[in-house]
Structure formats: C-alpha cells, structure tokens
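Undergrad: Just the structure for this:
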Amino acid sequence: MFLQVSQLEVRYAGAAQSAVAGVSFGLAAGEIGVLIGPSGCGKTTLLRAVAGLERAQGGQIVLGGETVSAPGRHVPAEQRRIGMVFQDYALFPHLDVAANVAFGIHHLPRAERAARVTEVLRLVGLDGMQTRHPHELSGGQQQRVALARALAPNPRLLLLDEPFSNLDVDLRERLAHEVRAILKAANATALFVTHDQLEAFAIGDRIGVMHEGQLHQWDEAYALYHRPATRFVAEFIGHGVFTPAQILQHGEQVAVQTPLGPLHDVEECPLPTAYDAGLCDVLLRADDIVHDDHAPVKAQIVRKAFRGSEFLYTLRLASGETLMTHVPSHHNHAVGEWIGIRAEVDHVVTFQRGGNASSPPAPGVPVASMLK
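TA: Purely as a prediction, here's the structure:
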C-alpha cells in the first residue's frame, strides 16, 4: 500500500476519549480514498494526522515506504510532500490564477514554472484563465484553481477536507465527478473527507465510515451499502430500517422469516444457532421493498418525500413495523393510503436483535451475517 495507517491514535489534551482510536486502513498508489461520517467523528483529525498537522499518540503512518509517524517519530508536515485542498479554497485574492497556482513552486526556474502552471490549469479545465482573479471566478472554478495549486508541486499524496461544502448541492455532485476524473488523469493518490454520501460515492475508490473516532468499515461503496459490517454503517449509508426476523431451518432448507413473509433461496444463510433461537434484526433497504398493488401484504403511507423521479415512502405495516420504499413519482399516493408491497431482496443482512448502532466494531468478528 502506498499509504498505510496502522492502529492510529490521536488524543487531545483534556478530552475524555481519543479523537481517533485504533484506526487502520490502506490506500494503493493512484487510488482515491474517502472518509465519511457525522460531524465530530474524527475524520478531519485523521486527515490532519496524515498531513502531519496533528501529532499521533500511537500507531504509525507509512507514506510511499517512508514512516512519517510512529512512536518517537514525527516527520513535520512541510517535509511530507503532501498537498492539501481546504473547504474555503484559501486562494490569495490579490493574486491572479497563475500566481495562485505557482505559489508552491517558486523554486522552479521561471520557464519551467510557467509550463507547469499551464499544464495543471489545462488538467483542471481552466487553461486561458491565468490572468483572472479569484473574485472573477465561480465557486466551482475557484475550487479547480485550489486543486491545480495543490497538484502543481507533484505531491506524493493529496488531501481534500470537505472541498465542496461551500457549493450548492447540484454543483457538488457534478464537481465531485469532475475532480475524480482530474485526479485519475493526474495519477494522484488522494484522501478526501466529506459528510455527503453522494460525494463519497462519486469520487471514492475506497470509502471509510467513521463514528466516534473509530473506523467501522473501509470498503467499496457497493459493499458499504449491501454488506455493511456494523449496525452503524447499515444505518448511516442509504435508506433502510431494521425489522425483527427469525432464521428458521426445515431439513436442509433455511429461511429468514420477516414481517413481509419468509425470504427463501438465500445462500450462505447462517443456521438458527447463529442467534439465540434464530432471533435477529434484518436490514431492509428502501430498494428491497417493491410497490405491488396485487401483493397480499399491505402497508400504510405515513410519510412521503418527493425526489423528482421518485417518492421515498415511509410505510407502516398493520403489525406496527416501519419500512421504506422508493416508488416512481407517477405513483402519487396520499399519506394515510394503504398500498401493496412485497420484499425483493438480493442481499439479506442480519444483526443481533436490538443491537446498539453506536457500539464499536469488533475487529475480526463477523458483526453482521451476510446472506446473498
């Protein structure tokens, strides 16, 4: 791994618990990693520790084969050859675009410096704007200038701390896709912090979900959504609910009994002995529940959210359980109306009954049982 973080511990003086606690993950050269989680979960502290702006109290950080942080060793930030892009861009308002981008490469000869500025501005799609000043640019253009400035010195690693937080929602996802293309074209290794799932999915090769200083899962977006390793990840990523279920075995056949009926023909199904009497909670995503007027199971709409092409309905079964479902927006049902639904589940994920989402992950222990 080009970046290897092992059992990293960061504690602030006087704090009751560590801001970063035993975090480990790896990032290959050319990969883009994303750290996501609620405010105060430790993702920015972790980013600052990788940058060298925070001193770690435990664990180690290895960058490009060099140990930059370990017990008794702390390589200063300015010696780590790391580029950073901040949420406020930090552009110099009195300097034009070319001078902003050239700020970190003044050691190069003038002609080489000018060529590098042109090269990175072309990379970010701003060639020809060298003489403009930041106030003459849109928010997205300013962000590209900040990215070009960070890329100009050819850093070993690029760190981006909520770089799109000052932009409107529509621009953020589009710019995330554009920044991913830019980083891939530059063959840059990058670590990105955000609280926005759509940004994380758009830009990341690997995504880490953090909570209360701990890294619950480091994986691809698909696995986070369909195979969450902990209850917190299951709740934090996407729309879904936990509903009580029971794993039953009849001969060689195993099924998961849910309020929507049994789920059959599932592979890798744990035996009922995996839980006490087979009792567990099953995660049902909104896309696991299909609107079907002819289905025998009915549910009442208790809340609806219009999403343009679809509604997100919150439903309640007659037995009291809550579910969620995505329904095309031309099916405009009223709150209080009863509709038919059925389960269409490709990935069944079960957890201990009534578990606590805030419980820390147990390394090496299968917190969830995945049934494909």
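Undergrad: Check whether residue 98 really touches residue 133, as I assumed.
TA: No. Using Cβ atoms under 8 Å as the test, residue 98 is too far from residue 133 to be in contact (10.5 Å). C-betas here are computed from N, CA, C, even on glycine.
Undergrad: Just want to know which of those two has more residues nearby.
TA: Applying other Cβ atoms under 10 Å to residue 98 and residue 133 shows that residue 98 carries more neighbours, namely 19 against 16.
Undergrad: Dihedrals phi and psi, the more buried one?
TA: With angles defined as degrees, to the nearest 10, residue 98 sits at phi -60, psi -40.
Undergrad: how near is it to residue 317?
TA: Going from residue 98 to residue 317 by Cβ to Cβ, to the nearest Å gives 62 Å.
Undergrad: what's the answer for residue 93, then?
TA: 58 Å.
Undergrad: now residue 39
TA: 34 Å.
Undergrad: before we move on, what about residue 277?
TA: Distance, residue 277 to residue 317, using Cβ to Cβ: 22 Å.
Undergrad: Can you name the residues bridging to the residue nearest to residue 86 when sequence neighbours are not counted?
TA: Closest residue in space to residue 86, ignoring its immediate chain neighbours: residue 161 at 5.6 Å, by Cβ to Cβ, 6 or more residues apart in numbering. Judged by DSSP bridges, the bridge partners of residue 161 are residue 193.
Undergrad: can you pull the contacts of residue 161?
TA: 44, 47, 84-87, 193 (Cβ atoms under 8 Å, 6 or more residues apart in numbering).
Undergrad: hmm, try it at 7 Å
TA: Counting by Cβ atoms under 7 Å, 6 or more residues apart in numbering, residue 161 touches 44, 47, 86-87, 193.
Undergrad: Who has more neighbours out of residue 277 and residue 317?
TA: residue 317 (16 against 11).
Undergrad: quick one, phi psi at that one?
TA: Dihedral angles (degrees, to the nearest 10) for residue 317: phi -80, psi 160.
Undergrad: Tell me the confidence at it?
TA: Per-residue pLDDT puts residue 317 at 96.
Undergrad: isn't it right up against residue 244?
TA: No. Proximity of residue 317 to residue 244 does not meet the contact threshold set by Cβ atoms under 7 Å, at 11.5 Å.
Undergrad: before we move on, the earlier item: narrow the contacts of residue 161 to those in strands?
TA: When DSSP state E is applied, the contacts of residue 161 are split such that residue 193 fall in strands.
Undergrad: Narrow the contacts of residue 161 to those that are buried.
TA: 44, 47, 87, 193 (16 or more other Cβ atoms under 10 Å).
Undergrad: From these, which land in helices?
TA: Of those, the ones assigned to helices by DSSP state H are 44, 47.
Undergrad: Farthest-apart pair in the buried ones among the contacts of residue 161, please.
TA: Farthest-apart pair in these is 47 and 87; separation 11.5 Å (Cβ to Cβ).
Undergrad: my guess is residue 198 contacts residue 173, does it?
TA: Yes. Counting by Cβ under 7 Å, residue 173 is a contact partner of residue 198 at 5.1 Å.
Undergrad: So for the two, which sits in the more crowded spot?
TA: Shown here are residue 198 and residue 173; by other Cβ under 10 Å, residue 173 has more neighbours (17 against 12).
Undergrad: what sits against residue 352?
TA: Contacts for residue 352 (Cβ under 7 Å, 6+ apart) come out as 275, 280.
Undergrad: Quickly note the distance from it to residue 238.
TA: Remark: distance between residue 352 and residue 238 (Cβ to Cβ) = 20 Å.
Undergrad: Model confidence at the residue at the greatest distance from the centre of the chain, what's the number?
TA: Distance from the C-alpha centroid of the chain peaks at residue 251, with 41.3 Å (Cα atoms, centre = their mean). Note for residue 251: predicted pLDDT of 78.
Undergrad: Roughly how far does it sit from residue 261?
TA: Residue 251 is 19 Å from residue 261, by Cβ to Cβ.
Undergrad: now do residue 59
TA: To residue 261, residue 59 is 47 Å away according to Cβ to Cβ.
Undergrad: for the stretch 101-250 of the chain, what spans make up the helices?
TA: Taking DSSP state H, counting those that start in this stretch as the test, the helices found in the stretch 101-250 of the chain are 110-123, 139-151, 169-185, 197-203, 221-226, 231-236.
Undergrad: Compare the mean pLDDT across those and name the weakest.
TA: helix 169-185 - the lowest mean pLDDT of these, at a mean of 87.
Undergrad: between that helix and helix 110-123, how many degrees?
TA: 130 degrees (axes from the mean of the first three to the mean of the last three Cα atoms, to 10 degrees).
Undergrad: Provide a list of residues in contact with the residue nearest to residue 191 when sequence neighbours are not counted.
TA: Using Cβ to Cβ, 6+ apart and skipping residues adjacent in sequence, the residue nearest residue 191 is residue 33, 4.8 Å away. The contact partners of residue 33, taken as Cβ under 7 Å, 6+ apart, are 27, 191-192, 204-206, 208.
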